[in-house]
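**Q** missing the sequence, but the structure's below:
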């Protein structure tokens, strides 16, 4: 079986991952039902949520009008990470996102901890977002009908209520939709993304009518320190685009579709965010943002109300936020279930998470277990102070992705890569360092909670995952050498390459009577 150190270092061969993705394991495969357009909209949906609706209220007081630069910095950090994701999504086109990439490169121990970072990212994010759904829903029903839900059933304990019923309802509705099938979920999500983009474009168009350059006069009142601290807060608004790579087994032509969807998602979101920031800061003095946030007012809605002197534009924005939050919950739940699906297939979590319904081709039990857990968390736990945990989990996952690019280039140089990170190894190193810097800026209490979370993950691995790991029972070599035969035109180029969509080859067994790592074919 080997020592614990060997077990932590063992890697899962790429060929085995890809064979499983094509259904070469016990149980029906997931259905490949999404194309580039649907996957790009899934990515935009997972990123554009409540973050952009409230983040200006918390970051403009730190950076002033230079919050526009903070958005650009956060976009640059996310962009460096996206380039690394794009290469790995082409080389490892399977479900599991960062977890699968880490398992193929950094080893089982690192992959397990990365998976728990992703579970934290998705779990806290979807619970926090679900809590906000009830608040925006109350604003809409109050404006339309003069009716709001009482705090007792619309806020969690510790926040003035007993149970947040709207948060539980939205999570269960999204779970029901996901359990019905990926194709149906993607169609509903596409419609909701169009609504949320339309609402933000509407905000930009209205806010620009009141734009004045005087609001940018004191551009960076806190200096570069305020800009970078605000960037670490703004980064929360970019969390989620990695959910695109969790759909590796449910998209057609994944080696091409996933990389393009990642790039299109980041480009669209960055353009939208910078436009909202410029329009918002240009429409009112920077000092007003902090006042509105402290008063609990929805900042973007208040800007529209002040600019127009009317109530209906703010109502449109709030209604858009209701739709936006629903779609974020939907996509984030999707990502979390696919992470657990991949882990269960590897034996690291209970098998129930990998069972696929033969008729719907979705992990139905997995979906309802995750939905119930996240729904109860959103209903009964006040999570408004845990947004930084989501950012930290994402930043650490980005560091792992950057490391995985470097390691896979070394151990699997011939693996098909439709896209290769440009300026290698500068881009992966810059990605890791920039993520670590933003993580360093987060509060100490966030790091303490994160450490407790990883300690819990380590205990669970030693108690369950280590003993049930499929690689442990299959006798995989610790160094997990990979065997990949590349299609013509795969090597030596940075950027897009004319690669095929298949990977062939297998492990070369050692001579009879000997044991040892797999070696590449000649």
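**A** Perfect, thanks for sending it. Note that the structure is a prediction, hence the values are computed from the model and not measured.

**Q** how many other residues sit next to residue 14?
**A** Per other C-beta atoms under 10 Å, the neighbour tally for residue 14 reads 25. C-betas here are computed from N, CA, C, even on glycine.

**Q** max-length helix in the protein?
**A** Taking DSSP state H as the criterion, the chain has its longest helix at helix 108-145.

**Q** could you give me the buried positions within the following helix or strand past that one?
**A** Downstream of helix 108-145, the next assigned helix or strand under DSSP states H and E is helix 151-154. Going by neighbour count (16 or more other C-beta atoms under 10 Å), the buried part of helix 151-154 is residue 154.

**Q** got the angle for the helix or strand that helix 151-154 is followed by vs helix 108-145?
**A** The helix or strand immediately downstream of helix 151-154 is helix 165-180, counting by DSSP H and E. Using axes from the mean of the first three to the mean of the last three C-alpha atoms, to 10 degrees, the inter-axis angle of helix 165-180 relative to helix 108-145 is 120 degrees.

**Q** list the helices and strands helix 165-180 packs on?
**A** helix 108-145, helix 151-154, helix 182-207, helix 312-345, helix 364-380 (3 or more C-beta pairs under 8 Å, 6 or more residues apart in numbering; DSSP states H and E).

**Q** and that helix, what's buried?
**A** In terms of neighbour count (16+ other C-beta under 10 Å), helix 165-180 has its buried residues at 165-171, 174-175, 177-180.

**Q** format the residues you listed as TSV; extra columns: pLDDT.
**A** Formatted as TSV, these follow (pLDDT from 0 to 100):
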residue	pLDDT
165	88
166	88
167	86
168	89
169	90
170	90
171	91
174	91
175	91
177	89
178	89
179	88
180	85
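
**Q** now the residue nearest the centre of the chain. Nearest residue, chain neighbours left out?
**A** With the centre of the chain defined as its mean C-alpha position, the nearest residue by C-alpha atoms, centre = their mean is residue 240, 2.6 Å away. Setting aside the residues directly before and after it, residue 240 is nearest to residue 46 in space (C-beta to C-beta, 6 or more residues apart in numbering), at 3.6 Å.

**Q** the one you found contacts residue 243, correct?
**A** Yes: using C-beta atoms under 8 Å, residue 46 is in contact with residue 243, at 4.1 Å.

**Q** need the overlap of contacts for these two.
**A** 331-332, 335 (C-beta atoms under 8 Å, 6 or more residues apart in numbering).

**Q** between those residues, which is nearest residue 136?
**A** Here the nearest of the shared contacts of residue 46 and residue 243 to residue 136, counting by C-beta to C-beta, is residue 332; it sits at 16.8 Å.

**Q** distance of that closest one relative to residue 426?
**A** 32 Å (C-beta to C-beta, to the nearest Å).

**Q** just to revisit the earlier point, the residue nearest to residue 240: neighbour count?
**A** Counted with other C-beta under 10 Å, residue 46 comes out at 29.

**Q** element containing it?
**A** If you go by DSSP H and E, residue 46 is part of helix 36-47.

**Q** got it, and residue 11?
**A** Residue 11 belongs to no helix or strand, assigned by DSSP H and E.

**Q** and for the one 5 residues further on?
**A** Using DSSP H and E, the secondary-structure element containing residue 16 is helix 14-21.

**Q** please convert the helices and strands packed on helix 165-180 to JSON lines, extending it with distance to residue 216.
**A** What follows is the helices and strands packed on helix 165-180, written out as JSON lines (distance: least, C-beta to C-beta, whole Å):
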{"stretch": "helix 108-145", "distance to residue 216": "29"}
{"stretch": "helix 151-154", "distance to residue 216": "38"}
{"stretch": "helix 182-207", "distance to residue 216": "14"}
{"stretch": "helix 312-345", "distance to residue 216": "23"}
{"stretch": "helix 364-380", "distance to residue 216": "38"}
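
**Q** that older thread, residue 236: which of the shared contacts of residue 46 and residue 243 is nearest?
**A** Nearest to residue 236, judged by C-beta to C-beta, of the shared contacts of residue 46 and residue 243 is residue 332 at 13.2 Å.

**Q** count of residues packed around that closest one?
**A** 28.

**Q** check whether it really touches residue 127, as I assumed.
**A** No: using C-beta under 8 Å, residue 332 is not in contact with residue 127; the gap is 9.5 Å.

**Q** so residue 244 makes contact with residue 47?
**A** No: applying C-beta under 8 Å as the test, residue 244 and residue 47 come out as separate, 9.5 Å apart.

**Q** which of those two has more neighbours?
**A** residue 244 (33 against 27).

**Q** retrieve the pLDDT associated with the nearest residue to the more buried one once chain neighbours are set aside.
**A** Of all residues not flanking residue 244 in the chain, residue 43 sits nearest, at 4.2 Å (C-beta to C-beta, 6+ apart). Residue-level confidence at residue 43 comes out at 84, pLDDT.

**Q** which residues touch the residue nearest to residue 240?
**A** Residue 46 touches 240-241, 243-244, 328, 331-332, 335, counting by C-beta under 8 Å, 6+ apart.

**Q** please enumerate the helices of the stretch 351-500 of the chain.
**A** 364-380, 387-411, 426-440, 444-460, 466-468, 470-474 (DSSP state H, counting those that start in this stretch).

**Q** so which of the ones you listed comes closest to residue 346?
**A** Here helix 470-474 is closest among those (C-beta to C-beta), at 5.4 Å.

**Q** tell me which residues in that closest one are buried?
**A** In helix 470-474, counting by 16+ other C-beta under 10 Å, buried: 471-472.

**Q** on that earlier part again, okay, and the common contacts of residue 244 and residue 47?
**A** Common neighbours of residue 244 and residue 47 (C-beta under 8 Å, 6+ apart) are residue 265.

**Q** for residue 406, give me its contacts.
**A** 425, 428.

**Q** tell me where the stretch 401-522 of the chain is predicted with low confidence.
**A** 474-522 (pLDDT under 70).

**Q** from memory the residue nearest to the centre of the chain sits against residue 334, does it?
**A** No: Residue 240 is not in contact with residue 334 according to C-beta under 8 Å; the separation is 10.9 Å.

**Q** what is the burial count for residue 91?
**A** So residue 91, with other C-beta under 10 Å, has 29 neighbours.

**Q** that one contacts residue 408, doesn't it?
**A** Yes: using C-beta under 8 Å, residue 91 and residue 408 qualify as a contacting pair, with a distance of 6.3 Å.
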